[in-house]
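J.: Just need the structure, nothing else, for what follows:
(one chain, ligands or ions: 1)
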Amino acid sequence: MGDANPFSEEFFEARRAELEGRVGPRRFQHSLGVADTAAALARVYGADEREARLAGLLHDWDKGYDDPGILARADEVGLTLSDELRSMPRVLHGLTAAAALRRDFPALPETVLAAVERHTLGEVAMGDLDMIVYIADALEPGRTGRTVEKLRKQMGKVPLRELFLEVYAYWVRLIMERRHPMYSRTTEIWNSYMPEQEVFRTMPGADTMPYGRP
Ligand SMILES: Nc1ncnc2c1ncn2[C@@H]1O[C@H](COP(=O)(O)OP(=O)(O)O)[C@@H](O)[C@H]1O
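T.: Next up is the predicted model:
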């Protein structure tokens, strides 16, 4: 089963049914919305639709755990967490899901697992699929609000990376408005997409990871 072709309809349907038992009904509907939105974005931006649909379906695979549960899950799947991440259980489900899915379904491509892993906090040097799932998580039809509606209208109209940065900035604003703690690497991640950093990276002899290696 773990070796089944991850792009078959059987695999998708089996994970869909399993997901329904892992998360509540709203989260399940959200996941289906993210799968569809990610596939639509992949079509528009020239990425692999099947990978996008699958990563969208699986991104909240571990969202059903409560705070102590997700910390236990992190231990169970062998993650080594910094003290900071251990203090932020709400951001861990993508990291644990990627590790658990890699273990339980070894045929899943790393590109899909990376998109699942990065869907909450983002990362430096994200690929198209990573950005697509990050955006789809925020803009699937179940998400509401003026900013979401404005951003949704930009799907397919602005370059993928521009849309990703708009969505990332929207999330950072939300976290600040809600007075939630901000992951300390958020600035590093944001800066890595700024044009100044791109220029820096292309300079001969420049360290391509000026903020240190992950
Ligand atoms: N850079 C960040 N720093 C701290 N918390 C974050 C960051 N990005 C997202 N979060 C928080 O992580 C939680 C889970 O995010 P996510 O999985 O994307 O959203 P959702 O649960 O709405 O699908 C949210 O509470 C969000 O505010």
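
J.: quick one: Ile53 and Phe12 touch, right?
T.: Residue 53: Arg, not Ile. Yes. The criterion here is CB atoms under 8 Å, and Arg53 meets it with Phe12 at 7.3 Å. From N, CA and C alone the C-beta is placed, and that goes for glycine too.

J.: The two: which has the busier surroundings?
T.: Arg53 (23 against 17; other CB atoms under 10 Å).

J.: So the helix or strand where that one lies, near the ligand or not?
T.: Assignment of secondary structure by DSSP states H and E places Arg53 within helix 49-58. No. Counting by CB under 6 Å from any ligand atom, the ligand is not contacted by helix 49-58; separation bottoms out at 11.5 Å.

J.: Who are the packing partners of the following helix or strand past that helix?
T.: Using DSSP H and E, the helix or strand that follows helix 49-58 towards the C-terminus is helix 67-76. In this structure, helix 67-76 packs against helix 93-104, with contacts taken as 3 or more CB pairs under 8 Å, 6 or more residues apart in numbering; DSSP states H and E.

J.: If you count neighbours, what's buried in the helix it packs on?
T.: Applying a neighbour-count criterion of 16 or more other CB atoms under 10 Å, one finds His93, Gly94, Leu95, Thr96, Ala97, Ala98, Ala99, Ala100, Leu101, Arg102 buried in helix 93-104.

J.: May I see those residues organised as TSV, with distance to the ligand and pLDDT added?
T.: Listed next are these as TSV, based on distance: CB to the nearest ligand atom, whole Å; pLDDT from 0 to 100:
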residue	distance to the ligand	pLDDT
His93	6	98
Gly94	7	98
Leu95	11	98
Thr96	12	98
Ala97	10	99
Ala98	13	98
Ala99	16	98
Ala100	16	98
Leu101	15	98
Arg102	19	98
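
J.: Taking these together, which two end up most distant?
T.: Set against one another by CB to CB, these have their most distant pair in His93 and Arg102, with a gap of 14.7 Å.

J.: and this protein, which residues reach the ligand?
T.: Arg90, Val91, His119, Thr120, Leu121, Asp137, Trp171, Ile175, His180, Met182, Tyr183, Thr186.

J.: Determine the number of other residues adjacent to the fourth one.
T.: The one in question is Thr120. Neighbour tally, Thr120, other CB under 10 Å: 21.

J.: So it is in contact with Gly94, correct?
T.: Yes. Between Thr120 and Gly94 a contact is recorded at 4.7 Å, counting by CB under 8 Å.

J.: residue ranges for the strands of the chain, please.
T.: Counting by DSSP state E, the chain has no strands at all.

J.: Where in it is the helix or strand with the lowest mean pLDDT?
T.: With mean pLDDT, DSSP states H and E as the measure, the helix or strand of the chain carrying the lowest mean pLDDT is helix 195-202 (a mean of 62).

J.: which parts of the helix holding Arg53 are buried?
T.: Those would be Arg50, Glu51, Ala52, Arg53, Leu54, Ala55, Gly56, Leu57, Leu58, for helix 49-58 by 16+ other CB under 10 Å.

J.: of all those residues, which comes closest to the ligand?
T.: Within the buried residues of helix 49-58, the smallest distance to the ligand is 11.5 Å, found for Gly56 (CB to the nearest ligand atom).
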